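K.L.:
only geometry, no sequence info:
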């Protein structure tokens with residue numbers, strides 16, 4: 001249905017006429033999000049020559065929400081048993097030697113893979129419901145750069161680059 005000016009009808013968002021978009025623009029935005037749920041709002045604004053608030057209002061009116069990815073550690077099948085065994089041992093030591101946990105040198109050993117960086121700030125998905133999205137990387141089987149640091153009580157040690 002065309003208006004007399006030759007423009008397509010104005011979109012109504014939540015029942016309110018919205019002059020920021022034509023029906024064709026709104027359909028194009030929604031089609032793009034359906035085809036590529038990871039598309040950013042800035043990319044939509046640039047591609048569809050609209051404003052951020054207009055695009056955001058349209059997506060919200062369609063009950064599309066922004067969900068961010070969660071990075072998960074790649075675990076092996078025997079990892080659970082090892083963690084349970086460690087926790088049981090730690091509790092036994094704490095019960096035997098009161099204050100045992102306070103004398104542990106706790107370490108942090110982050111690994112940086114050679115696969116590249118996963119940027120959480122730019123990684124998201126538009127969806128009507130929460131989908132369990134995760135970045136699953138097996139960092140055990142690729143080259144890594146490992147650095148370590150530790151603390152005991154209030155003393156901090158490190159960081160140090162560790163050999164492979």
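P.N.:
Arrived safely, thanks for sending. Please read all numbers here as calculations on a predicted model, not as lab measurements.

K.L.:
longest helix of this protein?
P.N.:
helix 79-96 (DSSP state H).

K.L.:
neighbouring contacts of that helix?
P.N.:
Helix 79-96 has contacts (CB atoms under 8 Å, 6 or more residues apart in numbering) with 100, 101. Using the backbone N, CA and C atoms, a C-beta is placed for each residue, glycine as well.

K.L.:
so which bits of that helix are buried?
P.N.:
Judged by neighbour count using 16 or more other CB atoms under 10 Å, helix 79-96 contains no buried positions.

K.L.:
and that helix, what's its mean pLDDT?
P.N.:
The average pLDDT for helix 79-96 rounds to 90.

K.L.:
any weak-confidence spans in the protein?
P.N.:
Applying pLDDT under 70 to the chain picks out residues 1-19, 69-74, 106-124, 128-164.

K.L.:
mind running it again at 80?
P.N.:
By pLDDT under 80, the low-scoring segments of the chain are 1-22, 49, 66-76, 102-164.

K.L.:
which parts of it are helices?
P.N.:
Here the chain has its helices, by DSSP H, at 23-35, 41-48, 52-61, 79-96.

K.L.:
adding distance to residue 67, write those helices out as CSV.
P.N.:
Compiled in CSV, those are given as follows (distance: least, CB to CB, whole Å):
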stretch, distance to residue 67
helix 23-35, 13
helix 41-48, 13
helix 52-61, 12
helix 79-96, 27
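
K.L.:
among those, which is nearest residue 102?
P.N.:
Residue 102 lies closest to helix 79-96 among the helices of the chain, at 9.4 Å (CB to CB).

K.L.:
which of the helices of the chain sits closest to residue 127?
P.N.:
Smallest distance to residue 127 across the helices of the chain (CB to CB): 9.3 Å, for helix 23-35.

K.L.:
look up how far residue 83 lies from residue 75.
P.N.:
9 Å (CB to CB, to the nearest Å).
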